[in-house]
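A.B. asks: My questions are about this predicted structure, shown below with the sequence.
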Amino acid sequence: MAEKKTFYLTTAIAYTSGKPHIGNTYEAVLADSIVRFKRQQGYDVRFQTGTDEHGQKIEIKSEEAGITPKQFVDDVSGQIKSIWDLMNTSYDKFIRTTDKYHEKQVQKIFKKLYEQGDIYKGFYEGMYCTPCESFFTSSQLVDGKCPDCGRECQPAKEEAYFLKLSKYADRLIEHINKNPDFIQPESRKNEMMNNFLLPGLQDLCVSRTSFKWGIPVDFDEGHVVYVWIDALSNYITGLGYDVDGGNELEGGEDLFAKFWPADLHLIGKDILRFHTIYWPVMLMGLGLPLPKKIFGHPWLLQNDGKMSKSKGNVIYADDLVDVFGVDAVRYFVLHEMPFDNDGVVSWELITERVNSDLANTLGNLVNRTISMTNKYLGGVAENKGIEEPVDNELKSLVTAAYKKVAEKMEKLRVADAITEVFLVFKRCNKYIDETEPWILGKDESKKDRLSTVLYNLIESIVTGASLLEAFMPETTGKILGQLNAVKKSVGDMDKFGLYAPGTKVTEKPEILFARHDMEEVLAKAEEISALQAAANGGGKEDEEVIDIEPKPEITFEDFEKMQFQVGEIIACEEVKKSKKLLCSQVKVGSQVKQIVSGIKQYYKAEEMVGKKVMVLVNLKPAKLAGVLSEGMLLCAEDADGNLALVSPEKNMPAGAEIC
RNA sequence: GGCGGGAUAGCUCAGUUGGCUAGAGCACACGGUUCAUACCCGUGGUGUCAUGGGUUCAAAUCCCUUUCCCGCUACCA
């Protein structure tokens, strides 16, 4: 017998800084549906997920909590795993970047790349964002803030190691061009090409000395491996990869030899750059083949206002599961997520979907079919061969369904695939109307026709339920259990009439999906929201405090170098060529300075005029977007990056010194 | 500023290489039905296919204008 075809899928590993919300959970469920489908198709599947556990952010958070980083990540990683389990995700491997074998291999990978010159030692000088763990050049900063999260950055200089990306750029460009499927959806390919690859890659900083909670660089004390080499490597270390050969075996099997290269890296669209550029370069450095496909999926967003723990409106998978059940939540996230646009999740939307698709279309179908079978046929429907033309319409749709589902799944169109399955159930409901079993049931002479009708129905439902397995495994089991039917294999999906003669359905069908009253659900959501708010700051309106990384102490002399004055804005206009800049004429004493600031998002040019604000006056002038700026307007900034100008608390004349 | 994508029914979106009265789901309305979880089935849209122009026998579909949205990216003292 030939070896089974293998299929290796990974998700991104989740960062252990806190409980994952429904958007993160979506990725695991999406991955699960894909691998379950592959298993059904007979592939030998390996599904790996896990947690990313190093970094300064965790070092700081654990310190605040008064525990060690390891204790901290043990706790959070456990929480994440339990949500993945709750969602019934069938991963084969849950890797943690604090696992010993992983740490050891990361060190070896780092060393190997260093020894062959792909990693070199240099200096990193720039602005550092702690939450994002990223360095930026000052020119990359947004108002001196992190371009990713908008928070404060600190100047920092570190001795650091760099990965030479330029060396492999040409090979990578060629690979991407030759493999149009490598990056999915395709629109993302252009972004990577046009923004990074074609303009030329800058070398990537791959070590840190500013924190300790990471995998040490074993040949240079003080350095730890910075996130990407650590995190991305999980895809191979989780298979037992060893840099020196002699891969670790699992159950006597060399999983790396068997499963690498990965068939699919499933990741969020926000980390495509790392997976389509840095990771391939690392692999080339290691002399390993590249993964076959990388899919940057869109996100499930919460649309009802800004997500905020203190407001209590963050939607978590376990809360949804409490109300609707696992498969309902799986159904929702899979169905609602388009292929390349972000989807929306809310309590209203999920209630509508559950009621209409799961309770009405599917649940009620199973229920009415079983009821009729019991009522008219003592629970046993058999094919008596009394056919009518409508039967063929039903049969042809049902027997063709698997192929359609498979086509959609092949293209990773999971939402479309699940819709195809539900077309089967909808057709069944229509068939009931067309055949009117309750009328047949009143006429003893039509009994064989009735039996055939119900048999066809049950057979169709069995097929539909079997197709549903990848998406809603529990429901598949429940339906088949109630019908006492055997799950159809992929090879039998296009066959009709496998439901064994003489099989008796259950006498009391259990409600598969309850209908939910919208008002009740929303009330429940309110309750959950209140509890959440209470747990995160007593329900107070966003009175979060913000901690930023302390800067080194300065002397009074340092302070005196800076000249702050009150400035009155006497004119202001938008900088045409920029999305963020306003250009203000600011009266400071008797002179007028032109100052450009990145606050267009928060202030309109008109409303700026007349404001008295705090100005850093003696900053070296610079050109921004081609416009001269002779100072800086000072702003306060919250955690979401919203800005507020700073004004004197009482009216003060323009030019008044701030000291 | 650069590159890319989008603008179609109240809402979410399909519309393949231009071709017959522009579609689906949800919501809504009406009709039918009663086996079932007040469910299911059917019927119902005068939609300027964002805008203005062009190519064509024929354009939502191709080309150009304008406006507005979104991605990525640069700049953002």
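C.D. replies: That came through, no problem. Since we're looking at a predicted model, the values are computed, not measured.
A.B. asks: contacts and neighbour counts: CA atoms only from here.
C.D. replies: Will do.
A.B. asks: Tell me the secondary structure of residue A:592, please.
C.D. replies: When classified by DSSP: H, G, I helix; E, B strand; the rest coil, residue A:592 comes out as strand.
A.B. asks: Once you drop chain neighbours, what's closest to it?
C.D. replies: Ranked by CA to CA, 6 or more residues apart in numbering and with sequence neighbours excluded, the top spatial neighbour of residue A:592 is residue A:586, at 5.3 Å.
A.B. asks: ok so that neighbour is a strand residue?
C.D. replies: Yes - applying three-state DSSP, one finds residue A:586 inside a strand.
A.B. asks: hang on, isn't residue A:515 packed against residue A:354?
C.D. replies: Yes - between residue A:515 and residue A:354 there is a contact under CA atoms under 8 Å: 7.4 Å.
A.B. asks: neighbour count winner among the two?
C.D. replies: residue A:354 (23 against 17; other CA atoms under 10 Å).
A.B. asks: Tally up the residues packed near the residue nearest to that one when sequence neighbours are not counted, please.
C.D. replies: Distances taken as CA to CA, 6+ apart place residue A:328 nearest to residue A:354, at 6.4 Å, with adjacent residues excluded. Look at residue A:328: counted by other CA under 10 Å, it has 25 neighbours.
A.B. asks: For residue A:328, give me its contacts.
C.D. replies: Listed by CA atoms under 8 Å, 6 or more residues apart in numbering, the contact partners of residue A:328 are A:321, A:354, A:358, A:513.
A.B. asks: Helix, strand, or coil at it?
C.D. replies: With three-state DSSP as the criterion, residue A:328 reads helix.
A.B. asks: Local confidence estimate at it?
C.D. replies: Looking at residue A:328, its pLDDT reads 94.
A.B. asks: Could you do residue A:641 as well?
C.D. replies: 57.
A.B. asks: Name the spans of the stretch 1-150 of chain A whose pLDDT lies under the cut-off.
C.D. replies: In the predicted model of the stretch 1-150 of chain A, residues A:1-2, A:124-150 satisfy pLDDT under 70.
A.B. asks: now chain A
C.D. replies: A:1-2, A:124-158, A:303-313, A:338, A:537-554, A:576-579, A:601-602, A:604, A:623-626, A:637-643.
A.B. asks: Which residue ranges make up each domain of it?
C.D. replies: Annotated domains of chain A cover A:342-552, A:556-658 [automatic domain parsing].
A.B. asks: how about the strands in the stretch 51-200 of chain A?
C.D. replies: A:93-96, A:119-129, A:134-136, A:154-163, A:183-184 (DSSP state E, counting those that start in this stretch).
A.B. asks: Mind putting the domains of chain A into JSON lines with distance to RNA strand B?
C.D. replies: As requested, the domains of chain A are exported to JSON lines (distance: least, CA to the nearest atom of the strand, whole Å):
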{"stretch": "domain A:342-552", "distance to RNA strand B": "3"}
{"stretch": "domain A:556-658", "distance to RNA strand B": "3"}
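A.B. asks: residues of stretch A:90-104 that come out buried?
C.D. replies: A:90, A:91, A:95, A:96, A:97, A:98, A:101, A:102, A:103, A:104 (16 or more other CA atoms under 10 Å).
A.B. asks: Next: stretch A:53-63.
C.D. replies: A:53, A:54, A:55, A:56, A:57, A:58, A:59, A:60, A:61, A:62.
A.B. asks: What of stretch A:293-303?
C.D. replies: So stretch A:293-303, judged by 16+ other CA under 10 Å, has buried residues A:293, A:294, A:295, A:296, A:297, A:298, A:299, A:300, A:301, A:302.
A.B. asks: which of those residues come close to RNA strand B?
C.D. replies: For RNA strand B, no contacts are drawn from those by CA under 7 Å from any atom of the strand.
A.B. asks: Can you redo these as CSV, where the extra columns are secondary structure?
C.D. replies: CSV is the format used below for the buried residues of stretch A:293-303 (three-state DSSP):
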residue, secondary structure
A:293, coil
A:294, strand
A:295, strand
A:296, strand
A:297, strand
A:298, coil
A:299, coil
A:300, strand
A:301, strand
A:302, strand
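A.B. asks: Residue A:234 contacts residue A:98, correct?
C.D. replies: No - the criterion here is CA under 8 Å, and residue A:234 misses it with residue A:98 at 10.4 Å.
A.B. asks: show me what contacts the residue lying closest to residue A:95 once chain neighbours are set aside?
C.D. replies: In space, and not counting its chain neighbours, residue A:95 is closest to residue A:50: 4.5 Å by CA to CA, 6+ apart. Each residue near residue A:50 by CA under 8 Å, 6+ apart is listed here: A:11, A:12, A:13, A:14, A:81, A:93, A:94, A:95, A:96.
A.B. asks: Out of the residues you listed, the closest to RNA strand B would be?
C.D. replies: Distance to RNA strand B, by CA to the nearest atom of the strand, is smallest for residue A:12 among the contacts of residue A:50, at 17.2 Å.
A.B. asks: Next, give phi and psi for the closest one.
C.D. replies: The phi and psi values for residue A:12, taken as degrees, to the nearest 10, are phi -70, psi 150.
A.B. asks: Return the residues in contact with the closest residue to it other than its chain neighbours.
C.D. replies: Nearest residue to residue A:12, sequence neighbours excluded (CA to CA, 6+ apart): residue A:267, at 5.2 Å. By CA under 8 Å, 6+ apart, the contact list for residue A:267 reads A:11, A:12, A:27, A:294, A:295, A:296, A:297.
A.B. asks: is it true that the first one touches residue A:262?
C.D. replies: If I follow you right, that is residue A:11. No - contact between residue A:11 and residue A:262 fails when scored by CA under 8 Å: they sit 11.0 Å apart.
A.B. asks: Partner strands of the helix or strand residue A:614 falls within and their direction?
C.D. replies: Using DSSP states H and E, residue A:614 falls within strand A:612-616. If you go by DSSP bridges, strand A:612-616 pairs up with strand A:564-574 (antiparallel), strand A:632-633 (antiparallel).
A.B. asks: Mean neighbour count, these: which tops it?
C.D. replies: Mean neighbours per residue, mean count of other CA atoms under 10 Å, is largest over these for strand A:564-574, with a mean of 22.
A.B. asks: Take stretch A:9-27, keep the C-alpha atoms, and write them as CSV.
C.D. replies: Coordinates of the C-alpha atoms in stretch A:9-27 are reproduced here as CSV (Å, rounded to 0.1, in the frame of the first residue of the first chain):
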residue,chain,number,x,y,z
LEU,A,9,-0.5,22.8,9.0
THR,A,10,0.5,25.3,11.5
THR,A,11,-1.2,28.3,13.1
ALA,A,12,0.7,31.2,14.4
ILE,A,13,1.7,30.7,18.0
ALA,A,14,-0.2,32.9,20.4
TYR,A,15,1.6,35.4,22.5
THR,A,16,1.2,34.7,26.1
SER,A,17,0.5,38.2,27.3
GLY,A,18,-3.2,37.6,28.1
LYS,A,19,-6.4,35.7,27.4
PRO,A,20,-7.1,35.4,23.6
HIS,A,21,-10.3,37.1,22.4
ILE,A,22,-12.6,35.7,19.8
GLY,A,23,-10.5,37.1,17.0
ASN,A,24,-7.5,35.0,18.0
THR,A,25,-9.6,32.0,18.7
TYR,A,26,-10.9,32.2,15.1
GLU,A,27,-7.6,31.2,13.7
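A.B. asks: Just give me how far it sits from the chain centre.
C.D. replies: Distance of stretch A:9-27 from the chain centroid (CA atoms, centre = their mean, to the nearest Å) equals 6 Å.
A.B. asks: Would you mind pulling the contact partners of that stretch?
C.D. replies: A:28, A:31, A:35, A:45-53, A:57-58, A:61, A:73, A:76-77, A:79-80, A:83-84, A:231, A:235, A:262-268, A:299-301, A:314-317, A:333-334.
A.B. asks: Confirm for me that residue A:454 is in contact with residue A:371.
C.D. replies: No - applying CA under 8 Å, one finds residue A:454 not in contact with residue A:371, separated by 10.6 Å.
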